[in-house]
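Visitor: quick check, what structure comes out for this input:
(chains A and B)
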Amino acid sequence: MIERHHVSRRHLLQLGGTVAIIGALPIITVRTARATPATLASAIRNLVGEANVQTGRVKLDIPPLVENGNTVPMTVSIDSPMTAQDFVKSIHVFNEKNPQPNIGNFYLSPQAGRAQVATRIRLADTQKVVAIAKMSDGSFWSASVDVIVTLAACTEEVL
Amino acid sequence: MASALVNVPAKAKRGAVIEIKTLMSHIMETGYRRTAAGELVPRDIITSLTCRFNGAEIFRADLFPAIAANPFLSFFTVATESGNFEFEWIGDNGFVATASAAISVE
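Guide: Numbers count the residues shown, from 1 in each chain, chains lettered A, B, ... in the order given. Okay, the predicted model is just below:
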């Protein structure tokens, strides 16, 4: 009984949190956001074609809550032996709500030894970031992370 | 002007996986910002970074406006032999910058 009470209370709190976030969203989205989940999907489709994108093997490291969207550290690493027979050919990172769906493409070779890249990115809004890895056998693997951005990139004016 | 910072270990054991870090000073103007007068500021970004080791390409990146200003990139490679890493950044408005770093492998 106590356990059930706990769960329902947590659900209520979560619900409250979600409502608060949704409530805050329109204020941010009015200012920017031209790429949509549809353009994200078509950018991914351009990359993979008809191939099936599987979830897993890719680890996308981004802080889930970002204060300043102008510079967000991001690390993508892929579980791969990086041998001449089995390696990561390329890593592609996409976003949902920046003006453009692409963030970066990174091309590796077996020479890399470890399939990992790190950079700093811009996020114009609270959104989903997707990383896709293309393997030497032609398969695609992906990971996605939802990032909450409190101060969006590219909203300020240039004086 | 453009200045690059490249971090490569000076020495490594043969076969070791080493991390290479690069930092390039650049505004990475997205092309989506406006001035107070409402005019669009033209795009000015670095579009690619290529890293070659003794002439052979080992890493390449396409960059988009969603990369933060002063683009930082880190990646890995296996130390096979002593030699020279060459880095080349290419961007809008004819931007080209290069840097190099030597490694001795024992």
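Visitor: quick check: residues of chain A near chain B?
Guide: For chain A, the residues in contact with chain B under the definition CB under 8 Å from any CB of the partner chain are A:32, A:70-72, A:95, A:98-100, A:102-109, A:111-123, A:154, A:156-159. Quick note: C-beta positions are derived from backbone N, CA and C, even for glycine.
Visitor: which among the residues you listed count as buried?
Guide: Using 16 or more other CB atoms under 10 Å in any protein chain shown as the burial test, the residues of chain A next to chain B include A:32, A:70-72, A:95, A:98-100, A:102-109, A:111-123, A:154 as buried.
Visitor: the residue of chain B positioned farthest from its centre and chain A, how far apart?
Guide: The C-alpha centroid of chain B is most remote from residue B:37, which lies 33.8 Å away (CA atoms, centre = their mean). For residue B:37, the distance to chain A (CB to the nearest CB, to the nearest Å) stands at 9 Å.
Visitor: bridged to the residue most central in space within chain B, which residues?
Guide: Central residue of chain B (CA atoms, centre = their mean): residue B:49, 4.6 Å from the mean position. Counting by DSSP bridges, residue B:49 forms beta bridges with residue B:61, residue B:89.
Visitor: quick check: it touching residue B:87?
Guide: Yes. Residue B:49 lies in contact with residue B:87 (CB atoms under 8 Å); the separation is 6.8 Å.
Visitor: mutual contacts of these two, please.
Guide: residue B:22 (CB atoms under 8 Å, 6 or more residues apart in numbering or on different chains).
Visitor: shaky segments in the chain?
Guide: You didn't pick a chain, so chain A it is. Residues of chain A that meet the criterion pLDDT under 70 lie in A:1-34, A:154-159.
Visitor: chain B was what I was after
Guide: In chain B (pLDDT under 70), the answer is B:1-2.
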